[in-house]
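In: please work out how this folds:
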Amino acid sequence: MMDKKYYREMVKSKREATDFSEKDKKDKAIFEKLLKEKEFISCNNLFIYISFDLEINTHKIIESALEQNKNVYVPKVISKALGMIGVRIENFEELRKNKMGILEPLEAIEIITKDDIDLAIIPGLAFDLKGNRIGYGGGFYDRYFQGEKNKLPSMIALAYEYQLFTNITQDTFDIKVHKIVTEKNIYNISNA
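Out: You can find the predicted model right below:
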């Protein structure tokens, strides 16, 4: 079985080789599929990452959720040791680039606990159809969502088809997703 570094490098190289107009088409297809999912339609408190670089564009998803009067919470990293928190935003003007170049809220006026999140949109580089994921290596999402499996919110990953693998390496602390939305399919994970 390949290690996490192998998957990260493989997906990053495929992303970098993707044509931008092709990426936009795939992002639009993913956006349209997600907005029709019952978890998105029914959620009140949405926790979602703000896309960066070549990730699937989540800006339209955030804008749509705000237009639907959903409470939108985005990650704000406190530190490597302390992890991240979920901070409510009402528009993109409240965001500034952090030292990694990722948009984050300037202030943490309203913070959500993971127990109050209805739906979490989780980033990642590689996924398998058992709900396993490989992130970027910081462990922020794994630590944030630690806890009892039955107390976690619905967790959906957005991915391109080329980010899906048969079986990826997992550690015991790695969180699983319940559903993966790609440009071609929606994969429901039964044992996540």
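In: how close does the closest residue to Ile111 other than its chain neighbours get to Ile78?
Out: Closest residue in space to Ile111, ignoring its immediate chain neighbours: Ile85 at 5.2 Å, by Cβ to Cβ, 6 or more residues apart in numbering. Where you see a C-beta, it was placed from the backbone N, CA and C, and this is true even at glycine. Note on Ile85: its distance to Ile78, by Cβ to Cβ, to the nearest Å, is 6 Å.
In: residue contacts, the residue nearest to Ile111?
Out: Residues near Ile85 by Cβ atoms under 8 Å, 6 or more residues apart in numbering: 75-76, 78, 108, 111.
In: tell me which entries of those lie within strands.
Out: Using DSSP state E, 75-76, 78, 111 are the members of the contacts of Ile85 that sit in strands.
In: any chance of these in JSON lines, with neighbour count too?
Out: Output for these, formatted as JSON lines (neighbours: other Cβ atoms under 10 Å):
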{"residue": "Pro75", "neighbour count": "21"}
{"residue": "Lys76", "neighbour count": "19"}
{"residue": "Ile78", "neighbour count": "11"}
{"residue": "Ile111", "neighbour count": "13"}
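In: thinking again about what came up before, just give me the least confident of the contacts of Ile85.
Out: Across those, the member with the lowest pLDDT is Ala108, scoring 79.
In: what about Arg15, helix or strand, and which?
Out: For Arg15, the element it lies in under DSSP states H and E is helix 4-16.
In: buried residues, that helix. List them.
Out: Using 16 or more other Cβ atoms under 10 Å as the test for burial, helix 4-16 gives 4, 7-8, 10-11, 15.
In: before we move on, what about stretch 60-75?
Out: 60-62, 65-66, 70-75.
In: and stretch 135-146, by the same measure?
Out: Neighbour-count burial for stretch 135-146 [16+ other Cβ under 10 Å]: 135, 139-142, 144-145.
In: closest one of the contacts of Ile85 to Phe165?
Out: Pro75 (24.9 Å; Cβ to Cβ).
In: bridged to the closest one, which residues?
Out: Gly86 (DSSP bridges).
In: wait, it sits on Phe140?
Out: Yes. Using Cβ atoms under 8 Å, Pro75 makes contact with Phe140 at a distance of 7.1 Å.
In: list residues touching both of these two?
Out: The contact sets of Pro75 and Phe140 overlap at Met84 (Cβ under 8 Å, 6+ apart).
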